[in-house]
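Peer 1: Next one to model:
(2 chains)
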Amino acid sequence: MALTTDLLADFEARGLVHQSTDAAALREWLGTPGRRVYAGFDPTADSLHVGHLVALMLLRRVAAAGHEPVAVLGGATGMIGDPSGRSEERNLLSAEELAANIAGVERQIRGLLENTGRTVHVVNNGDWMRGVGYLEFLRDVGKHVPLAQMLGKDSVKSRLDRDGGLSYTEFSYMLLQAWDFVHLSDALDCRVQIGGSDQWGNITAGIELGRRLRARDLHGITCPLLTKSDGTKMGKTAAGAIWLDPRRTSPYRFYQYWINLDDADAGRCIERLTELPLDEIRGLADLRTANPAARDTQKRLAEELTRLVHGEAGLTSARQATAVFFGAEIGALDDATLAEIFADVPSREFARTVLDGDGLPLVDAFEATGLSPTKSAARRTIEQGGAYVNNRRVADVTHRLTAADVGGSSTLVLRSGRKSYALARFL
RNA sequence: GGGGAGUUUCCCGAGCGGUCAAAGGGGUCAGACUGUAAAUCUGAUGGCUAUGCCUUCGCAGGUUCGAAUCCUGCACUCCCCA
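Peer 2: Modelled structure (predicted):
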């Protein structure tokens, strides 16, 4: 198969190269189709999050360029914890946690890479590290790594300067990752490792080891870490990380995360995280300057990434939820759809009989669902025009919910202000 | 050990014996505006079976027709001198 793209040029055009080893040698090795390129993922949780998307997308580009992506799961390294980019010692995971995490992460990686049409290798460094004895490792690997080199790495230096320092265990992490690289070059003839810029030290350690042990040229590319213009980490919100697993972060919240990025961040993300052609991206940048209010970039970005991670159905549900959360009529939606859209929203069940006769005072419903802490607060909200039933404003403090409000379904959507929702279910 | 100052509603902080559920600011919540941003403006902000009733001003008593405000004791905090 012919190469569809010059991988390195593609990376460069999208601002994905922070540092790389000798570009000419790298380009030459990548000149043959079917080359294997790897990135590692440590299973620190049972789901990847938005921060991992860069690496995943890099591997997709590897596939798109006619090569074969290799994803390495850190069954071994995950037991240690990478000190890179961390300010303090990690807590160790138990073996069971680790196994569960690996299973979850592997499923996600396969889901995101296997539809590229290329052969995808998903391997676990636990598989080749497990049988290796400590003495053996020290003789075969440790012997070839100069301490000065290890101490010179930023990840180590910055930690040594701190009060907490770092343990011998984390210090050794680098050796494991270096050995991974050499092992993969043996087993799969994989000679390029890619990762975030915080991985440069670990990658070069592997390259150095390959030269010493095998006299082999290995290559590395790091991409800039994605950060937001306000300085916070991409994918972190006040409410926590944005995960790829829909059980942790609903497709709606995932979609909204991208929609809410500011212009500069959205511009950078659409370049680095999507597969849209560069001229379309340039077009979006022009639109953004001309009419920032339209938020075309954010919409396109959210759409692309939600479809990629959650599929077409996830995108549809996220869009429906968005429409509803911004005032669309709710009457037409059935219970199942509502349940899906409002998956993140607290709900409260009532006996259907409370709707009989005079019905349930709206004030009571607001208090019972937790939308208002007290009935007085509920009254205030209603008086000030901040109370909605199925997205229709109710300004009457004495309003009572009856069968007429609920209609055919059994769920009522209550809302306080712009964005606090609660479901009332009448069973 | 001696002397002084203080403890107020989510936070800071004002508070004259009656007009105090208690100024002002912050926060929070609503509304307007807006690009689902930021800023800004407006209103609200103890509870309730609500034109009234109940509970709150460190804790426990007391004086008074009436106390966050006066008195006594207790607890805690801070400052100064030894």
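
Peer 1: distance of the nearest residue to A:Ser87 once chain neighbours are set aside from A:Ser84?
Peer 2: Leaving aside its chain neighbours, A:Ser87 sits nearest to A:Arg162 (6.8 Å; criterion: C-beta to C-beta, 6 or more residues apart in numbering). Heads up, the C-betas are built off the backbone N, CA and C, glycines and all. Distance, A:Arg162 to A:Ser84, by C-beta to C-beta, to the nearest Å: 14 Å.

Peer 1: more crowded one of the two?
Peer 2: Taking A:Arg162 and A:Ser84 together and counting by other C-beta atoms under 10 Å, A:Ser84 has the greater number of neighbours (23 against 10).

Peer 1: Tell me how many other residues crowd whichever residue of the stretch 251-400 of chain A sits closest to RNA strand B.
Peer 2: Of all residues in the stretch 251-400 of chain A, the one sitting closest to RNA strand B is A:Gly386 (2.4 Å; C-beta to the nearest atom of the strand). A:Gly386 has 18 neighbouring residues, counting by other C-beta under 10 Å.

Peer 1: And for A:Gly131?
Peer 2: For A:Gly131, the count of nearby residues is 7 (other C-beta under 10 Å).

Peer 1: same question, A:Tyr134
Peer 2: A:Tyr134 has 8 nearby residues by other C-beta under 10 Å.

Peer 1: cool, A:Ala302 as well?
Peer 2: Counted with other C-beta under 10 Å, the neighbours of A:Ala302 add up to 26.

Peer 1: residues contacting it?
Peer 2: Applying C-beta atoms under 8 Å, 6 or more residues apart in numbering, we find A:Ala302 in contact with A:255-259, A:318.

Peer 1: And for A:Ala403?
Peer 2: Counted by C-beta under 8 Å, 6+ apart, A:Ala403 has contacts A:355-356, A:359.

Peer 1: Recalculate using a threshold of 7 Å.
Peer 2: The neighbours of A:Ala403, taking C-beta atoms under 7 Å, 6 or more residues apart in numbering as the test, are A:Leu355.

Peer 1: And it, how close does it get to RNA strand B?
Peer 2: Separation of A:Ala403 from RNA strand B (C-beta to the nearest atom of the strand, to the nearest Å): 23 Å.

Peer 1: can you confirm the residue nearest to A:Ser87 is in a strand?
Peer 2: No - assessed by DSSP: H, G, I helix; E, B strand; the rest coil, A:Arg162 does not belong to a strand; its assignment is coil.

Peer 1: Check what pLDDT it gets.
Peer 2: If you check A:Arg162, the pLDDT there is 77.

Peer 1: residues in contact with the most centrally placed residue in chain A?
Peer 2: Nearest to the mean C-alpha position of chain A, by C-alpha atoms, centre = their mean, lies A:Val50 at 1.8 Å. Shown in contact with A:Val50 (C-beta under 7 Å, 6+ apart): A:234-235, A:242.

Peer 1: No further queries at this time; thank you.
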